[in-house]
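> Predicted coordinates and the sequence they were generated for:
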Amino acid sequence: MKPETAAALKQIDKRGFLDIDLDPTLDLFAAIERLKKEKNAVLLAHYYQEPDIQDVADYIGDSLGLAQQAEKTNADMIVFAGVHFMAETAKILNPSKKVVIPDLKAGCSLSDSCPPALFSKFKEKHPDHVVVSYINCSAGIKALSDVIVTSSNARIIVESFPKDQPIIFAPDKNLGAYINKVTGRNMLLWDGACMVHEIFSLEKITKLKIRHPEAKLIAHPECEEPILKIADYIGSTTGLLKYTKTDAAKEYIVATETGILHQMMKSSPEKTFIPAPPNNNCACNDCPHMKLNTLEKLYLCMEYEVPEINMEEELRLAAKKPIDRMLEISAKAGL
């Protein structure tokens, strides 16, 4: 092993990724395809990843689809191009498989907004409540939950409980408020939020709709209520993509992370997709955590099989139970 490689491996916990210079002539697309075959690896990528990563992935999806794919894969190694909690979920479902992620620092502002120690105390104050947690949370929060949900199945799973059953919904207050509205429930909401979905400007979107009167506003339910109130369609990332494929409109203002626009443009090249503007002039509707992953980091994590996701077996088993319940309910509902 080269000295620089050994040094990079020692720094991986600090840096979050293998900081190794690559040959600029290396064809990363071809190299990644070769490593998939050599290592019997499957590459799972979230819709919010950069286009190059999406194009080399074996499966692209939202949180529910990725969890379903992780559960049924026959690969020896799962390469997860997403954020940390997604790779954790893959490991929870596949303890015997190696799970690697391009950058350990690819976290999640929503997950970070719900520390397990604080949430445990919150839960103790409401012993009669069941805990429904959005999948965008740590393994520690999953272990404290009765069932996990995604934006694709949250309504169906919440409605599977008796109407008089008190529910705590964590960690996303905006998704929780939306589910309360569409189900007529009064769930107790943890005060967490996604930094990307809270940045959209109602004023700028309204002005954009005036300039594009035929454009439909489509929004993820993690957005704040004022945005959802004026949306023409509200849905999960996969739901938004499917809607743009079948809907008759030719223009869309898209209120979610910009990574999904790549698949929308590939699926409907004749249509126009406009990213919803944030409150300021930065590219704040790009998730900075998702965008930490690059094609170079992806290749290196496959070549050296690090950074690897590991966890205590007791935590894994506790976190797996509510995920299994989610997958079971989703399968019965045809999702």
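Cool, the structure landed. Numbers count the residues shown, from 1 in each chain.
> Just to be sure, residue 74 is in a strand?
No: secondary structure of residue 74 (DSSP: H, G, I helix; E, B strand; the rest coil): coil, not part of a strand.
> Relative to residue 41, how far out is it?
For residue 74, the distance to residue 41 equals 11 Å [Cβ to Cβ, to the nearest Å]. For glycine as for every other residue, the C-beta is placed from the backbone atoms N, C-alpha and C.
> More neighbours: which of those two?
Counting neighbours by other Cβ atoms under 10 Å for residue 74 and for residue 41 shows that residue 41 has the greater number, 21 against 7.
> residue contacts, the more buried one?
By Cβ atoms under 8 Å, 6 or more residues apart in numbering, the contact list for residue 41 reads 35, 75, 76, 77, 78, 79, 302.
> is it in a bridge, and if so with what?
Beta-bridge partners recorded for residue 41 (DSSP bridges): residue 77.
> hang on, the earlier thing: from the contacts of residue 41, pick the one nearest residue 63.
Lowest distance from residue 63 to these (Cβ to Cβ) belongs to residue 78, with 15.0 Å.
> which residues touch that closest one?
When contacts are counted by Cβ under 8 Å, 6+ apart, residue 78 touches 41, 42, 44, 70, 87, 90, 91, 94, 97, 98, 99, 100.
> For those, which two are the farthest from each other?
Using Cβ to Cβ, the two most remote members of these are 41 and 91, lying 14.6 Å apart.
> Just the buried positions in stretch 327-335, please.
For stretch 327-335, burial by neighbour count (16 or more other Cβ atoms under 10 Å) applies to 327, 329, 330, 335.
> meant to ask about stretch 205-218
205, 208, 209, 215, 216, 217, 218.
> cool, stretch 241-259 as well?
The neighbour-count criterion (16+ other Cβ under 10 Å) identifies 241, 243, 244, 252, 253, 254, 255, 256, 257, 258, 259 as the buried residues of stretch 241-259.
> for stretch 153-171, same thing?
Across stretch 153-171, burial judged by 16+ other Cβ under 10 Å covers 153, 154, 155, 156, 157, 158, 161, 167, 168, 169, 170, 171.
> Residue 116 is in contact with the last one, correct?
No: with contact defined as Cβ atoms under 8 Å, residue 171 and residue 116 do not form a contacting pair (10.5 Å).
> any common contacting residues for these two?
Jointly contacting residue 171 and residue 116 under the rule Cβ under 8 Å, 6+ apart are residue 141.
> nearest spatial neighbour of residue 146, skipping sequence neighbours?
In space, residue 146 comes closest to residue 130 once its chain neighbours are excluded; the distance is 4.5 Å by Cβ to Cβ, 6 or more residues apart in numbering.
> Tell me what that neighbour is bridged to.
For residue 130, the beta-bridge partners are residue 167 (DSSP bridges).
> what sits against it?
Contacts of residue 130 were listed using Cβ under 8 Å, 6+ apart, and they are 146, 147, 161, 165, 166, 167, 168.
> so which of these comes closest to residue 292?
residue 147 (29.8 Å).
> need the helices for the stretch 51-200 of the chain, in chain order.
Secondary structure of the stretch 51-200 of the chain, counting by DSSP state H, counting those that start in this stretch: helices at 51-56, 63-72, 84-93, 109-112, 116-124, 139-143, 154-159, 173-183.
> Does residue 67 touch residue 93 like I think?
Yes: Residue 67 is in contact with residue 93 according to Cβ under 8 Å; the separation is 7.0 Å.
> Give the residues shared as contacts by the two.
Applying Cβ under 8 Å, 6+ apart, one finds that residue 67 and residue 93 are jointly contacted by residue 323.
> now the stretch 151-300 of the chain, which segments are flagged as low pLDDT?
Applying pLDDT under 70 to the stretch 151-300 of the chain picks out residues 195-200, 280-289.
> just to revisit the earlier point, out of the contacts of residue 78, which are buried?
Restricting the contacts of residue 78 to buried positions leaves 41, 42, 44, 70, 87, 90, 91, 94, 97, 98, 99, 100, with burial counted as 16+ other Cβ under 10 Å.
> Can you give me the distance of the fourth one to residue 180?
Distance, residue 70 to residue 180, by Cβ to Cβ: 29 Å.
> now do the second one
Residue 42 sits 37 Å away from residue 180, taking Cβ to Cβ as the criterion.
> So for residue 298, what's the nearest residue that isn't a sequence neighbour?
Computed as Cβ to Cβ, 6+ apart, the closest residue to residue 298 that is not its neighbour in sequence is residue 102, at 4.8 Å.
> contacting residues for the one you found?
By Cβ under 8 Å, 6+ apart, residue 102 lies in contact with 17, 79, 81, 292, 293, 294, 297, 298, 300, 301, 307.
> Ok, residue 36 next?
When contacts are counted by Cβ under 8 Å, 6+ apart, residue 36 touches 42, 43, 58, 302.
> for it, helix, strand, or coil?
With three-state DSSP as the criterion, residue 36 reads helix.
> and residue 254, that one's in a strand?
Yes: for residue 254, which was evaluated using three-state DSSP, the result is membership in a strand.
> Contact partners for it?
Under the criterion of Cβ under 8 Å, 6+ apart, the contact partners of residue 254 comprise 218, 240, 260, 261, 264, 273, 274, 275, 276.
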